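Trainee: predicted structure and sequence below. I'll ask about it afterward.
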Amino acid sequence: VINAAATDVVVLRGLDINGAPPNAPGLNGIRFLAGAALHVEECLIHGSTGAAPNGNGIVFAPSGTSELYVHNSTIIRNNNGVRIQPTGSGVASVLIDNSRIDNNNLAGLKAEGTDNTGGSNTTIVNSSVSGNTNAGISILNPVGGPIIKIGAD
């Protein structure tokens, strides 16, 4: 769980985060609540299959304006690979580059605007989002809700 100051930048590099310890499903690989930015570099995140609302490889749920960068990483065999869900007036800017988000039980990438007014912008470059059971990319946004964009401007 990352709950840092609004100006803090957190870097996670070269980690193997296994959410499936013996006899118990993992909650979330990485859960981000606050901070200026999170960089996930050269990481393997797998096995987080806890019951909803958990079970995410990465859950990015900032309450302020925050950035997520996923670079050269593999996110596999979770319920959701990456879940983007800012809260309150939070704004999420996300860049996923040269990564695999494959073979997750639900969505590879799930962007939700149902609990906030700020919105999010996600760009996926040179990456794979495939083999996920329910959807590669899922966008949930209420009518009149915040803007959620996937892709390059």
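Mentor: Received it, and whenever you're ready, just let me know what you need.
Trainee: against residue 123, how distant is residue 3?
Mentor: Residue 3 sits 25 Å away from residue 123, going by C-beta to C-beta, to the nearest Å. All C-beta spots, glycine's among them, are computed from the backbone N, C-alpha and C.
Trainee: can you check residue 57 too?
Mentor: As judged by C-beta to C-beta, residue 57 and residue 123 stand 18 Å apart.
Trainee: neighbour count: the two, which is higher?
Mentor: A count of neighbours by other C-beta atoms under 10 Å puts residue 57 above the other of residue 57 and residue 123, at 33 against 15.
Trainee: that one: helix or strand, and which one exactly?
Mentor: Per DSSP states H and E, residue 57 falls inside strand 56-60.
Trainee: starting at the chain centroid, how far to that strand?
Mentor: Strand 56-60 has its average C-alpha position 4 Å from the chain's average C-alpha position, going by C-alpha atoms, centre = their mean, to the nearest Å.
Trainee: just the CA atoms of that strand, as PDB, please.
Mentor: Extracted C-alpha coordinates of strand 56-60, given in PDB (Å, rounded to 0.1, in the frame of the first residue of the first chain):
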ATOM      1  CA  ASN A  56      -5.700  -6.500  -8.700                       C
ATOM      2  CA  GLY A  57      -2.100  -6.600  -9.900                       C
ATOM      3  CA  ILE A  58      -2.100  -2.800  -9.500                       C
ATOM      4  CA  VAL A  59      -4.900  -0.700  -8.100                       C
ATOM      5  CA  PHE A  60      -4.300   3.000  -8.700                       C
END
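Trainee: buried sites along the helix or strand following it?
Mentor: Moving toward the C-terminus from strand 56-60, the next helix or strand (DSSP H and E) is strand 65-71. Within strand 65-71, the residues that count as buried by 16 or more other C-beta atoms under 10 Å are 66-71.
Trainee: given the helix or strand that strand 65-71 is followed by, what are its sheet partners and their directions?
Mentor: Downstream of strand 65-71, the first helix or strand assigned by DSSP H and E is strand 74-76. Counting by DSSP bridges, the strands paired with strand 74-76 are strand 44-46 (parallel), strand 100-102 (parallel).
Trainee: got the contact list for the residue lying closest to residue 88 once chain neighbours are set aside?
Mentor: Residue nearest to residue 88 in three dimensions, not counting chain neighbours: residue 63, with 4.9 Å by C-beta to C-beta, 6 or more residues apart in numbering. Taking C-beta atoms under 8 Å, 6 or more residues apart in numbering, we find residue 63 in contact with 33-34, 86-90.
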